[in-house]
Structures are given as structure tokens and as C-alpha cells.
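**Q** sequence-free structure coming up:
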């Protein structure tokens, strides 16, 4: 009789542990699913933009404006020393990289290989949501209040590995990425249906020294 009671107690403990695990894992999976849905809705507009500030571990600051409309996009990147733009036409598979360094204007034309990593607005966001089950296992998720705003904060379960991701609880948009080795990326000004055809028109390369590798 004593053995049966022990077995029942063990069974109850195991059941409780399983229930706690399901609740813990299920909460994370639900949060990641919400973030994934927000990203999909943002991209599905086919007309969106955002601003990005990239700060390297050495303190170099890059200001980036990303705009996308109906298969065309342009990344405008500026640092203290130079600037460059990447224009992509996904339908015609064309990419133009334009670099401005003082009076030197260079442009390189290449064929574009379709790759979602060229979507600067959500490439890091995608890292978390592309595989929900994997992210639920690999990341701890906590709620954190910063400057009166609530965030979901993702940190790797592996000590000394991974980066930290911040998502606005209200908008469910990614707002910050902190690299473990130093450096940060800030995302803001997410907008939809504000990009015009003129914003993403094929650049005029008249003043540029052009290299055509297409």
C-alpha cells in the first residue's frame, strides 16, 4: 500500500512538472506567434518604411532609412565619413549600390538574387520569429519596463552567447538589438502606406562612375 502511495505522489509530481513546462513553453510560443503575426502584417502591406540606427562596438554610428514599395526598395545609409544607397528591383532582379565618398560617386549594378535578408526593416526581427519552436526553446523571455514603456526582452539561454532583442509590447515591433560583443541597433518609425513611387524609382546614375556587372 505504501508503494502505491509513493507511485501516486511521483505521478502527481511528474504531471505537475509537465503542466508547468507546458504553461512556461506555451507562454513563450504564444508571444513569439504574436510577434510573427505583427511582422507578417507589416510586410503584407507591400508599402512600408522604417528608420534604423546602427552603433558598432567602436562607436561608429550609421543612420539608415529603409523604404519598400511593390517589389522595389532603397536603403539609404549615412555615416560621418560617407554614405551609400542600395536600390533593389525584385521583379527585374536588379540591384544598384551607390557610394558617395566626398566628390567620388560610384555605382555598381548587379543581378539581384532574391534574399529576404535584404529587407533591412525586419531581418533581425525574422531571426526570432522564423522558427517559433526553436526560439521558444533557445530564448528566455521577460517583461521589462523602460521609460514608461513595456517590452518583451529575449535573451539566449546559453551563457555568454547570443544577442538581446527588444520588442514593444503595444506595437509588437522590434525596437532594439544589443550584440553580446558590443554595439546596438535601434529600430523606429515603422510606417505603412507612406512610400511613394518617387521614393523607390530607379536612381539617376548620370553623375556616377558606373560599373555594370549584371
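**A** It's in. Note that the coordinates shown come from a computational prediction; the quantities given were computed from them, not determined experimentally. Numbers count the residues shown, from 1 in each chain.
**Q** what's downstream of the longest helix along the chain, the next helix or strand?
**A** Identified as the longest helix of the chain according to DSSP state H is helix 2-44. Following helix 2-44 in sequence order, the next helix or strand is strand 47-55 (DSSP states H and E).
**Q** Give me the neighbour count for residue 158.
**A** Using other Cβ atoms under 10 Å, residue 158 has 9 neighbouring residues. Heads up, the C-betas are built off the backbone N, CA and C, glycines and all.
**Q** And it, how far from residue 65?
**A** Residue 158 sits at a distance of 34 Å from residue 65 (criterion: Cβ to Cβ, to the nearest Å).
**Q** can you map out the strands along the protein?
**A** Taking DSSP state E as the test, the strands found in the chain are 47-55, 61-69, 72-78, 83-89, 94-101, 104-111, 139-146, 149-156, 164-168, 174-178, 184-192, 209-212.
**Q** Residue 112: how many residues sit nearby?
**A** Neighbours of residue 112 under the rule other Cβ under 10 Å: 19.
**Q** Determine the set of other helices and strands touching the longest helix of the chain.
**A** Helix 2-44 sits against helix 123-129, helix 132-138, strand 139-146, with contacts defined as 3 or more Cβ pairs under 8 Å, 6 or more residues apart in numbering; DSSP states H and E.
**Q** Give me the sheet partners of the longest one and which way each runs.
**A** Based on DSSP bridges, the strands next to strand 139-146 in the sheet, each with its direction, are strand 149-156 (antiparallel).
**Q** Check which residues of the partner strand are buried.
**A** Residues of strand 149-156 classed as buried: 151, 152, 153, 154, 155 (neighbour count, 16 or more other Cβ atoms under 10 Å).
**Q** For this structure, which residues score under the pLDDT cut-off?
**A** Residues of the chain meeting the criterion pLDDT under 70: 1-2, 6-7, 9-12, 20, 114-118, 159-161.
**Q** Look up how far residue 60 lies from residue 80.
**A** 8 Å.
**Q** so who does the residue lying closest to residue 112 once chain neighbours are set aside touch?
**A** Closest residue in space to residue 112, ignoring its immediate chain neighbours: residue 95 at 4.1 Å, by Cβ to Cβ, 6 or more residues apart in numbering. Residues in contact with residue 95, defined by Cβ atoms under 8 Å, 6 or more residues apart in numbering, are 86, 87, 88, 89, 109, 110, 111, 112.
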